[in-house]
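Participant: Build me a structure from this.
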Amino acid sequence: MGAVGSGPVLVHVPVDEVDGTGGTSAARTPSAAQRVVRVAGAWAGWRSRRPWLAVAALVAVVVVLTGALVATPRLVTAHERATVLGPAAFDGAIRSASAPPQVRWTAPVDVMVPPLLVGGTVVVATGAGADRRALTGLDVVTGAVAWSVPLGADPVPHEVRCVPVGALLACALAPGPGRVLARSGSRPEPVQDAALLLLDPVSGAVLRRAETPGQVVSLATAPELGEDVVLASVASERLTIRRLDPRTGEVRWRAERPSSFPAAATSRVRLALGGGLVVASAEGSTVVVRAADGSRVPAPADASGTDETFLRPDGTLVRTRYRLEHVGVDVRSDLSTGEGAPWLTVRGVPVEPAVSDGSSGLVFASSSLAGGPLTGRVRAYAPGVPNPLWHALTPAREIAADVDGRVVLRAAGALVGLDAATGEAVWRRTFGLGMGSVFSDGRLVVVQRTTPDEGAVLLALDLQDGRTRWVADLPAESRAVHRLGAHLYVTTDDTLVALR
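Facilitator: Residues are numbered from 1 along each chain as shown. Down below sits the predicted model:
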């Protein structure tokens, strides 16, 4: 046989699809529709082989998805709640103001009663008129009504004063002065007693309601009192100060005013507590008693001729004297614990910053000599040092902030930032007569401003250089901006607006 020639050789050649975009080959990726068809086919086949197991798997998926839909809003709300109720950089500060705030919720309120934050509840007054007034608890995160307690009409609660007492809320309900001041002949009518209410701010449950003698004209508390409150009340033209336990009504002590103290139902009595003292003041008269037992604190012998007495927020008692000099009126103030000699005497009247982180450690005074060259100028003192460290050249009687090395003066419609160490002016911003409240988060100072053209806005200024960081519009007809906890709220004529 002749030789057989070699046949064609078979070679395995992979076949690629050309994508048509550039002549190159690549493996085609299944489209989304193709993947869905494949998964559906696999599911149909598995379901036909194991129908009961397929039903159980489907139910499980539905349960998981439903749980996620329910739990997610709760988790978001819980996170927001922790943020809203979390602490600020220091006492009196607001949470970070790095971005303009937005409206979180609004609620109708009676703005005649200031709103109050107790735990996670914003307590407000609601109702049309005093005879229909109620206390209402709003959820701090959502603004939803958690509870509402009618205040009744015995007495008609023309005056409502509330303070947090531990985890509870104490409120004094007083009748209007018109019912108290009516006279028959020369003797006043009997004073209708006020009511003292103790509530749980979480549930709104009324834990106790009882009459308290006289018309309550002031209500206060302080951490050093534990769960007690101090009431100032007027009856038979006499002022009585009482410390009592609102849970039981037990009176710890009672102190009555001296004969010279103004004691009418219209008297605007102010109570201040701190440093173991209770100070009641009205129309230029002052009573100072010890918080422990209500005993009078006598003025020192060299304090004769004191014209004003008041208590600083840190519990320091201030006694101020005005003396006529040949160039004007000299003003000096003694700062003390109330017992013994003063630990500092300053020229002028001590001035408290509206917000302070305490980092400067300075004591400020203003209006040292009426008619003199330093009239109305702020002086800065170090504790225990009689001579001022510096005095500001800008006339000002108010301090908006003492934060992060800056002392911000409020001067004739302007804010002036000073170096806290030297008193030297670093920046100045003028806002005119429309400037309102001032707040700070420790880095920025936030100012409320109202003008006919712009309406009400918030401006954030850098504490260090005074530059504007942002401007945010406030709701129409905004009346005032308040700090509750570490966040800002706006009141209009009949609404409370939460900003976040």
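Participant: Show the contacting residues for the nearest residue to residue 337 once chain neighbours are set aside.
Facilitator: Closest residue in space to residue 337, ignoring its immediate chain neighbours: residue 275 at 6.1 Å, by Cβ to Cβ, 6 or more residues apart in numbering. C-beta coordinates here come from the backbone N, C-alpha and C atoms, glycine included. Shown in contact with residue 275 (Cβ atoms under 8 Å, 6 or more residues apart in numbering): 311, 314-317, 337-338.
Participant: Test my guess that residue 318 contacts residue 307.
Facilitator: No - checked against Cβ atoms under 8 Å, the pair residue 318 and residue 307 is beyond contact range at 11.4 Å.
Participant: Looking at the two, which one has more neighbours?
Facilitator: A direct count of neighbours by other Cβ atoms under 10 Å for residue 318 and residue 307 places residue 318 higher, at 21 against 11.
Participant: Counting neighbours, what do you get for the nearest residue to residue 340 once chain neighbours are set aside?
Facilitator: Distances taken as Cβ to Cβ, 6+ apart place residue 300 nearest to residue 340, at 7.7 Å, with adjacent residues excluded. Under the neighbour criterion other Cβ under 10 Å, residue 300 is assigned a count of 16.
Participant: Just the local confidence number for residue 300, please.
Facilitator: Looking at residue 300, its pLDDT reads 77.
Participant: Please apply the same query to residue 233.
Facilitator: For residue 233, pLDDT reads 86.
Participant: repeat for residue 496
Facilitator: Per-residue confidence (pLDDT) for residue 496: 97.
Participant: Might you list the low-confidence residue ranges for the stretch 1-150 of the chain?
Facilitator: Counting by pLDDT under 70, the stretch 1-150 of the chain contains low-confidence residues at 1-30, 32-34, 36-37, 39-47, 49-50, 54-55, 57, 61, 63-77.
Participant: any idea where the strands of it begin and end?
Facilitator: Per DSSP state E, counting those that start in this stretch, the stretch 1-150 of the chain carries strands over the ranges 103-108, 116-118, 121-126, 134-139, 145-150.
Participant: Buried deepest among those, which one?
Facilitator: With neighbours defined as mean count of other Cβ atoms under 10 Å, those peak in mean count at strand 121-126, which reaches a mean of 24.
Participant: Who are the packing partners of it?
Facilitator: Applying 3 or more Cβ pairs under 8 Å, 6 or more residues apart in numbering; DSSP states H and E, we find strand 121-126 packed against strand 116-118, strand 134-139, strand 495-499.
Participant: For it, give me every contacting residue.
Facilitator: The contact list for strand 121-126, computed with Cβ under 8 Å, 6+ apart, reads 107-110, 112-113, 115-117, 133-140, 143, 146, 148, 160, 162, 169, 201-202, 484, 489, 496, 498.
Participant: I'd like the strands of the stretch 1-150 of the chain as TSV, with distance to residue 381 appended.
Facilitator: TSV is the format used below for these (distance: least, Cβ to Cβ, whole Å):
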stretch	distance to residue 381
strand 103-108	42
strand 116-118	34
strand 121-126	39
strand 134-139	43
strand 145-150	47
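Participant: closest one to residue 86 among those strands?
Facilitator: Of all the strands of the stretch 1-150 of the chain, it is strand 116-118 that lies closest to residue 86, at 13.1 Å by Cβ to Cβ.
Participant: what lines up beside the closest one in the sheet?
Facilitator: Take DSSP bridges as the rule and strand 116-118 pairs in its sheet with strand 121-126 (antiparallel).
Participant: Would you mind giving both backbone torsions of the residue nearest to residue 337?
Facilitator: The phi and psi values for residue 275, taken as degrees, to the nearest 10, are phi 60, psi 30.
Participant: Next one: it, what pLDDT does it get?
Facilitator: Looking at residue 275, its pLDDT is 93.
Participant: how about the residue nearest to residue 340, what does it touch?
Facilitator: 336, 340-341.
Participant: Just give the number of residues close to residue 153.
Facilitator: Residue 153 has 11 neighbours, counted by other Cβ under 10 Å.
Participant: Once you drop chain neighbours, what's closest to it?
Facilitator: Distances taken as Cβ to Cβ, 6+ apart place residue 131 nearest to residue 153, at 5.4 Å, with adjacent residues excluded.
Participant: Isn't that neighbour up against residue 155?
Facilitator: No - under the criterion of Cβ under 8 Å, residue 131 makes no contact with residue 155, lying 10.3 Å away.
Participant: so what secondary structure elements neighbour the helix or strand hosting residue 281?
Facilitator: Secondary structure assigned from DSSP states H and E places residue 281 in strand 277-282. Packing partners of strand 277-282 (3+ Cβ pairs under 8 Å, 6+ apart): strand 238-244, strand 270-274, strand 285-290, strand 308-311.
Participant: From the chain's centroid, how far away is it?
Facilitator: Centroid separation for strand 277-282 versus its chain: 24 Å, with Cα atoms, centre = their mean, to the nearest Å.
Participant: Can you give the contact residues for it?
Facilitator: 218, 230, 232, 239, 241, 243, 257, 261-262, 267-273, 286-291, 294, 297, 309-311, 315, 317, 338.
Participant: CA atoms of that strand as CSV?
Facilitator: Extracted as CSV, the C-alpha positions of strand 277-282 are listed here (Å, rounded to 0.1, in the frame of the first residue of the first chain):
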residue,chain,number,x,y,z
LEU,A,277,-28.0,81.3,100.7
VAL,A,278,-31.5,82.4,99.7
VAL,A,279,-31.8,86.0,98.5
ALA,A,280,-35.2,87.5,98.0
SER,A,281,-35.3,91.0,96.4
ALA,A,282,-38.1,93.3,95.2
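Participant: and that strand, which strands flank it?
Facilitator: strand 270-274 (antiparallel), strand 285-290 (antiparallel).
Participant: For the ones you listed, give me a markdown table that also has distance to residue 382 and mean neighbour count.
Facilitator: Listed next are those as a markdown table, based on distance: least, Cβ to Cβ, whole Å; neighbours: other Cβ atoms under 10 Å:
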| stretch | distance to residue 382 | mean neighbour count |
| --- | --- | --- |
| strand 270-274 | 22 | 20 |
| strand 285-290 | 26 | 19 |
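Participant: Include distance to residue 78 when you put these into TSV, please.
Facilitator: Listed next are the strands paired with strand 277-282 as TSV, based on distance: least, Cβ to Cβ, whole Å:
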stretch	distance to residue 78
strand 270-274	35
strand 285-290	45
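Participant: what's the least confident stretch among the ones you listed?
Facilitator: strand 285-290 (a mean of 88).
Participant: Now do that strand: distance to the chain's middle.
Facilitator: So, by Cα atoms, centre = their mean, the centroid of strand 285-290 is 28 Å from its chain's centroid.
Participant: got it, and stretch 244-254?
Facilitator: Remark: stretch 244-254 is offset 28 Å from the chain centroid, using Cα atoms, centre = their mean.
Participant: Begin at 57, not 1, for the rest of this chat.
Facilitator: Let's use 57 as the start, then, which means that last one is stretch 300-310.
Participant: buried set for it?
Facilitator: Residues of stretch 300-310 classed as buried by neighbour count (16 or more other Cβ atoms under 10 Å): 300-302, 309.
Participant: Could you rank the contacts of residue 356 by neighbour count and give me the top one?
Facilitator: residue 392 (18 neighbours).
Participant: For the stretch 407-556 of the chain, give me the ranges with low pLDDT.
Facilitator: Scanning the stretch 407-556 of the chain for pLDDT under 70 picks out 423-431.
Participant: switch to 90 and redo it
Facilitator: For the stretch 407-556 of the chain, the stretches with pLDDT under 90 are 422-433, 439-442, 449-453, 467-469, 487-490, 507-511, 532-533.
Participant: now do the stretch 257-406 of the chain
Facilitator: Counting by pLDDT under 90, the ranges of the stretch 257-406 of the chain that qualify are 267-273, 289-296, 312-326, 337-343, 354-365, 369-370, 376-388, 394-397, 399, 401-405.
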